[in-house]
Structure formats: structure tokens, C-alpha cells
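Trainee: Based on what follows, work out the 3D shape:
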Amino acid sequence: MAKEIAVQIRLQAPGGQATPAPPIGPALGQHGVNIGQFVSQFNERTREMNGTVVPVVITVYADKSFIFEVKSPPAAVLLKQAAEIAKGSGVPNKEKVGQVTSEQVRQIAETKFKDLNAYDLEQADKIIRGTARSMGIDIVD
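Mentor: Residues are numbered from 1 along each chain as shown. Sure, this is the predicted structure:
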């Protein structure tokens, strides 16, 4: 028989560098989850991401046990890394802050494909291009 799900928690944490400090500690503590156990398992599983912010969905069961699924990093984070910028533009239609190549956009689309609402890679590519445009990042060929 399947366990009864108590709650699902969605968080974003730095890969391989999570700590029991907010936002992780309070979010898990209020549901009775062993925070230290989660942090050690999360850091072990995301060690190769080394500080890149990654979303995680934690399913907490009624008996206080948990499982978690690590998603791919947000498109904005991947675009900022590719363009080597600190943050997106406040006025993206007037002020451009960086550039990425079409090949970099394609690689990001391939990385994010399983987490995007797209049927094929071409549509995923368009989603990533839209995110880049809204961040003030130009796409060059």
C-alpha cells in the first residue's frame, strides 16, 4: 500500500551547497522533516552542479519520511551563466546586457527540455529565446 502524502514542498537551493538556513530549514521544519538528512542527501545528489541554483520538489509523507526530485536549473540562471552576466536588464527592450549564441540557446533548450512544456526541441528553443529576450540578452548567430 502506498504511503499517504502529507505535503509537497517546492524550493530552490544552490546545488551541492545547501544549508539548514532559510529557506530550506523553516520550510522543512514546519512539516517535521529531518533537515540535516535532507541537506546531506541533496548536497550529495547535486554535487556536480556546484552552486548553481536548482529547483527541488520534496514530497513529505504522513510518517515524516520524504523523497525529493531535483529539476534542471531555471532557464534564466543558465542564460546568465552563458552570457556571463550577474543579472538581467531592468528595461530589456532598451538596455541589452549580454549576448549568447544560437548554439548556447540550443544547449540550454536540450538541458531544460524535460522540464519545459514543449513537444519538440524547436519549441523548447523558442521558449529559451523568449526568456533571453525578456532578460535583455541578444541572441547572435
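
Trainee: how near is A18 to I58?
Mentor: 12 Å (Cβ to Cβ, to the nearest Å). In this view, the C-beta of every residue, glycine as well, is placed from N, C-alpha and C.

Trainee: Strands along this structure, start to end?
Mentor: Assignment of strands within the chain using DSSP state E yields the ranges 5-14, 53-61, 66-70, 98-101, 137-140.

Trainee: Correct me if wrong: T111 contacts S72.
Mentor: Yes: between T111 and S72 there is a contact under Cβ atoms under 8 Å: 5.6 Å.

Trainee: Can you list the buried residues in stretch 87-96?
Mentor: 88-89 (16 or more other Cβ atoms under 10 Å).

Trainee: hmm, who's touching that stretch?
Mentor: With Cβ atoms under 8 Å, 6 or more residues apart in numbering as the test, stretch 87-96 has contacts from 76, 80, 97, 133-138.

Trainee: Quick check: the residue nearest to F66 when sequence neighbours are not counted vs P20, distance?
Mentor: Of all residues not flanking F66 in the chain, V60 sits nearest, at 4.8 Å (Cβ to Cβ, 6 or more residues apart in numbering). Relative to P20, V60 is positioned 16 Å away (Cβ to Cβ).

Trainee: Tell me which of these two has more neighbours.
Mentor: Applying other Cβ atoms under 10 Å to V60 and P20 shows that V60 carries more neighbours, namely 20 against 13.

Trainee: quick one, what contacts that one?
Mentor: Residues counted as contacts of V60 (Cβ under 8 Å, 6+ apart) are 5-9, 28, 31-33, 66.
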